[in-house]
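Undergrad: everything below, folded, please.
(3 chains)
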Amino acid sequence: MVTLYEGAVLALLAGGVFFGVVAAVGLLRMPDLYTRAHAASKADTLGAGLSLAAAAAVLASSLPTIKAVLLLVFLFLTNPTAAHAISRAAADQGIEPWTAEDGGGGDGK
Amino acid sequence: MTLLTDALLAAAGAFIILSVVIVYRIVRGPTMQDRVIAVNVVGTNTVVIIALFAAALDSPGVLDIALVYALLNFLMSIAISKFTVERGGVM
Amino acid sequence: MALIRTQYSYHDNSDCCSQLSGRVRPVGGPVAHDCGVATVTGERLLVPVSESPTLRNTVAYAVRNAVEAEDRYDAVHFVCPASRRIAGEGSVESARELLERVAVWAAEDLGADDPEVGVETALIGVDTYLFSPSDYVELLADYATDNDIDSVLLDPEFNPGENTPLLPPLESELERTGFSVEMAPVERGTRRGRLVRRAGLGQFVLLAGLSYGFYLLIGGSLAAFDLVTGAMSAGIVATVLLRVSTTGPVQPRKLVARIVRMLVYTPYLLYEIVVANVAIAYVVLHPSLPIDPEVVEFDAVVWSELSVMTLANSITLTPGTLTIDVNSRHFVVHTLTEGSREDLLEGGLERAVRFVFYGRAAARGPGPRERGDDGGEET
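TA: Numbering: from 1, shown residues only, chains lettered A, B, ... in the order given. A predicted model of the protein is given here:
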């Protein structure tokens, strides 16, 4: 029988995997570096966050749970910073962002 | 408990498959920064995988490895972005 | 012994007699002029100063230059641009301290045997808005005209704005205005910006406490061994990193208030993140990939480095927006869709960050759009 606790953990895991998939698909489908960075910095951060929350819930003893939460906070701080650093390096090297006109495929707004 | 263990392991497996898929982006590029972003995502996934294993196998000591890995992953991104820029000042 | 005069001149104030203190000359030297500006002959040298790693050497070079070419310079003016309007009263205070330091250094370098070179320091631009290099040029030119100066010596690391690279345009603009500009030949540090700051006990306690807490948390035990080794490593870490990891004196009450407001901010941010991700998931998984990326730029009304960082990270985490570049307060943001662009320019996040760092009153300020900044688009 699935208890409420187990259901919550399962939901967190499902959400985590879902956003992990979104990050991977985004990384493969997006047309240029900046848009890929969007997928990587957001979807992946949330995916990792939800999965870590599930892990923290399962561990359920004080110290490892605190560590998992610490890991979560750390990811939330560092992932955007890393994405920002990389895209700034790209902008510095003069890589132009892709726009809807370039591709023609996207239906714009 | 075994249901949760299975679920955690399945999620870890899913993240492993995702990481393998992302290797396509690392190989294809086309720019250095694309690869760095992809490697960064693989690194994040690795952290998650380690944490999920720690929870599934009930071995909290493994979490320390995940913590160190997260630190290294962040450093990697910063270091590469720093040194691909001529003036060397991203941060 | 050369004596030092300090003046606090305000940009639009051409009346030299309003300066706070009169010109001071060495005992036995020429008689002091009340307003001694326009009447003194001989060349003077203008040295704009700001906190920089090469400042000490620049001061030394300026003084040596003035002494050795005595027929050329009879006074060296060190001026420090500081705007209360932009960076607050604190920046004016630190500029004042900086000038005091410069004056002491200059006196040291002059030594007792050189009464002919006068050293003056001035704080300029206190009540003006200083943004672009041309603002600084105008300010320096006004000061130079008031004081009859036409030579400028630049510190290669001169950088009065937050972190904006200012020098190359400054040099050429000054030359265009008709000054003879010289770059001080001092060793240029590899580090941009002011990484190393002055630090005090408050920062040490904060940093050591954080490190100690982290050490014990990771170690997971409170045995005597851990307590001792933790205290030792925390001490070492705090000593080594003290000067690079904090931005100013610690004000406990402010800090606590910020942490509390940060706790209020976190759920809001989490909510925004979830919304962002659902939107991204829709866009990414939609078969036709309906994206319309565009780069927008705007000036955020946040002031400290920490709040700029928080805002930049929050922008990256929320609806389809990714911070590419931040120059002091100027944000360059890559936006994925039309909707995310609108949200960004409405300024909800910016308000929230202002709330965290400056309290409720600041949060009510206008967003970028209401300020008439419609995100000047870049190609």
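Undergrad: how many residues are close by A:G15?
TA: Neighbours of A:G15 under the rule other Cβ atoms under 10 Å in any protein chain shown: 19. C-beta coordinates here come from the backbone N, C-alpha and C atoms, glycine included.
Undergrad: any idea what sits nearest it, other than its immediate chain neighbours?
TA: Spatial nearest neighbour of A:G15, excluding adjacent residues (Cβ to Cβ, 6 or more residues apart in numbering or on different chains): A:L50 at 4.4 Å.
Undergrad: show me what whichever strand or helix holds the one you found is packed against.
TA: Assigned by DSSP states H and E, A:L50 belongs to helix A:44-59. Helix A:44-59 makes packing contacts with helix A:4-29, helix A:62-92, helix B:2-28, helix B:32-56, helix C:252-285 when contacts are defined by 3 or more Cβ pairs under 8 Å, 6 or more residues apart in numbering or on different chains; DSSP states H and E.
Undergrad: between the next helix or strand after the last one and helix A:62-92, how big is the angle?
TA: Past helix C:252-285, further along toward the C-terminus, the next helix or strand under DSSP H and E is strand C:294-299. Inter-element angle recorded for strand C:294-299 and helix A:62-92: 100 degrees (by axes from the mean of the first three to the mean of the last three Cα atoms, to 10 degrees).
Undergrad: who's in contact with the closest residue to B:L72 other than its chain neighbours?
TA: Sequence neighbours aside, B:G43 is the residue nearest to B:L72 in space, at 7.8 Å (criterion: Cβ to Cβ, 6+ apart). By Cβ atoms under 8 Å, 6 or more residues apart in numbering or on different chains, the contact set of B:G43 is B:Y69, B:A70, B:L72, B:N73, B:M76.
Undergrad: pull the distance from the helix holding A:L50 to the chain's centre.
TA: Centre-to-centre, helix A:44-59 and its host chain are 11 Å apart (Cα atoms, centre = their mean, to the nearest Å).
Undergrad: next one, pLDDT for B:V20 please.
TA: pLDDT, B:V20: 90.
Undergrad: now do the contacts for residue 18.
TA: Picked chain A for this. A:F18 is in contact with A:G47, C:A281, counting by Cβ under 8 Å, 6+ apart.
Undergrad: I was thinking of chain B, sorry if that wasn't clear
TA: Neighbour list for B:L18: A:G20, A:V21, A:A23, A:A24, B:N45 [criterion: Cβ under 8 Å, 6+ apart].
Undergrad: how about 7 Å then?
TA: By Cβ atoms under 7 Å, 6 or more residues apart in numbering or on different chains, the residues touching B:L18 are A:G20, A:V21, A:A24, B:N45.
Undergrad: rewinding a little: any idea how far A:V9 is from the residue nearest to A:G15?
TA: Per Cβ to Cβ, to the nearest Å, A:L50 is found 10 Å from A:V9.
Undergrad: also C:G235?
TA: 41 Å.
Undergrad: with B:S59 instead?
TA: Per Cβ to Cβ, B:S59 is found 18 Å from A:V9.
Undergrad: so the two - more neighbours on which side?
TA: Neighbours were counted for B:S59 and for A:V9 using other Cβ under 10 Å; A:V9 has more, 25 against 12.
Undergrad: from memory the more buried one sits against A:A60, does it?
TA: No: here A:V9 does not reach A:A60: they are 9.9 Å apart, not a contact under Cβ atoms under 7 Å.
Undergrad: residue closest to the middle of chain B?
TA: B:G43 (1.7 Å; Cα atoms, centre = their mean).
Undergrad: next: chain A.
TA: With the centre of chain A defined as its mean C-alpha position, the nearest residue by Cα atoms, centre = their mean is A:D44, 1.4 Å away.
Undergrad: mind listing what that residue touches?
TA: By Cβ under 7 Å, 6+ apart, the residues touching A:D44 are A:G20, A:A23, A:N79, B:V41, B:T44.
Undergrad: nearest to C:N159 among the residues you listed?
TA: A:N79 (30.4 Å; Cβ to Cβ).
Undergrad: for the closest one, which non-adjacent residue is closest in space?
TA: Nearest residue to A:N79, sequence neighbours excluded (Cβ to Cβ, 6+ apart): A:T45, at 4.4 Å.
Undergrad: got the angle between the helix holding A:L50 and helix B:32-56?
TA: Using the same axes, to 10 degrees: helix A:44-59 against helix B:32-56 is 10 degrees.
Undergrad: got the residues of the stretch 251-379 of chain C near chain A?
TA: C:273, C:276-277, C:280-281, C:284-285, C:288-295, C:312-313, C:316-317, C:320, C:322-325, C:334, C:336, C:338 (Cβ under 7 Å from any Cβ of the partner chain).
Undergrad: please pick the buried ones from these.
TA: Taking 16 or more other Cβ atoms under 10 Å in any protein chain shown as the criterion, what is buried in those is C:273, C:276-277, C:280-281, C:284, C:289-295, C:312-313, C:316-317, C:320, C:322-325, C:334, C:336.
Undergrad: with adjacent residues omitted, what lies nearest to whichever residue of chain A sits closest to chain C?
TA: Ranked by Cβ to the nearest Cβ, the top residue of chain A for proximity to chain C is A:P80, at 3.6 Å. Nearest in space to A:P80, with sequence neighbours left out and distances taken as Cβ to Cβ, 6+ apart, is C:T316 at 3.6 Å.
Undergrad: in which helix or strand would I find that neighbour?
TA: Secondary-structure assignment from DSSP H and E places C:T316 in helix C:305-317.
Undergrad: on that earlier part again, the residue nearest to A:P80 reaches A:H84, doesn't it?
TA: Yes: using Cβ under 7 Å, C:T316 is in contact with A:H84, at 5.6 Å.
Undergrad: so what sits against both of these two?
TA: Here C:T316 and A:H84 have C:T323 as joint contacts, going by Cβ under 7 Å, 6+ apart.
Undergrad: excluding chain neighbours, what is closest to C:L174?
TA: The nearest residue in space to C:L174 (Cβ to Cβ, 6+ apart) is C:V181, at 5.0 Å.
Undergrad: hang on, the one you found is in a strand, isn't it?
TA: Yes: the assignment for C:V181 by DSSP: H, G, I helix; E, B strand; the rest coil puts it in a strand.
Undergrad: what separation do you get for it and A:Y34?
TA: To A:Y34, C:V181 is 39 Å away according to Cβ to Cβ.
Undergrad: tell me which of these two has more neighbours.
TA: Taking neighbours as other Cβ under 10 Å, C:V181 and A:Y34 compare with A:Y34 leading, 26 against 17.
Undergrad: so does whichever strand or helix holds that one get close to chain B?
TA: Following DSSP H and E, one finds A:Y34 within helix A:33-38. Yes: against chain B, helix A:33-38 shows contacts by Cβ under 7 Å from any Cβ at A:L33, A:R36, A:A37.
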